[in-house]
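S.K.: Below: sequence and its predicted model.
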Amino acid sequence: MSQFSAVEIANWIAIYLAAGICCAIAMALSVTVTLQGLWKDKIWQDARTVRGAVLLLPRAWWRWQKLYLLSTPVTLGIVGSFAATMSWS
């Protein structure tokens, strides 16, 4: 760790914390929207058949995955602009 100064280490820690916070917010929002969508579409009613019950979890996972991955550009933009405002010397 001798190649990094104290300022650089503090900046990297701040960037990792910012990325973690953004990802936690994205996770919470995507789970909330997924649950709301499942509730609105009443997807659990399809679980009355064997095929519907087997496909319930993959459908819910796919909805969440699409929503969570759509947050990637926003997270990168926020963390990137935060990193650009830091003093690295």
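M.R.: All right, it came through fine.
S.K.: quick one: the helices in the chain?
M.R.: 6-41, 50-69, 72-84 (DSSP state H).
S.K.: Who are the packing partners of the first one?
M.R.: Counting by 3 or more Cβ pairs under 8 Å, 6 or more residues apart in numbering; DSSP states H and E, the packing neighbours recorded for helix 6-41 are helix 50-69, helix 72-84. In short, each C-beta sits where N, CA and C put it, glycine included.
S.K.: what about Thr34, how many residues close to it?
M.R.: For Thr34, the count of nearby residues is 19 (other Cβ atoms under 10 Å).
S.K.: which residues does it contact?
M.R.: Neighbouring residues of Thr34 by Cβ atoms under 8 Å, 6 or more residues apart in numbering: 60, 63-64, 67.
S.K.: Switch those over to a markdown table; also include distance to Leu38, neighbour count and pLDDT.
M.R.: Converted to a markdown table, the contacts of Thr34 look like this (distance: Cβ to Cβ, whole Å; neighbours: other Cβ atoms under 10 Å; pLDDT from 0 to 100):
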| residue | distance to Leu38 | neighbour count | pLDDT |
| --- | --- | --- | --- |
| Ala60 | 6 | 16 | 91 |
| Arg63 | 7 | 18 | 92 |
| Trp64 | 9 | 18 | 94 |
| Leu67 | 12 | 18 | 93 |
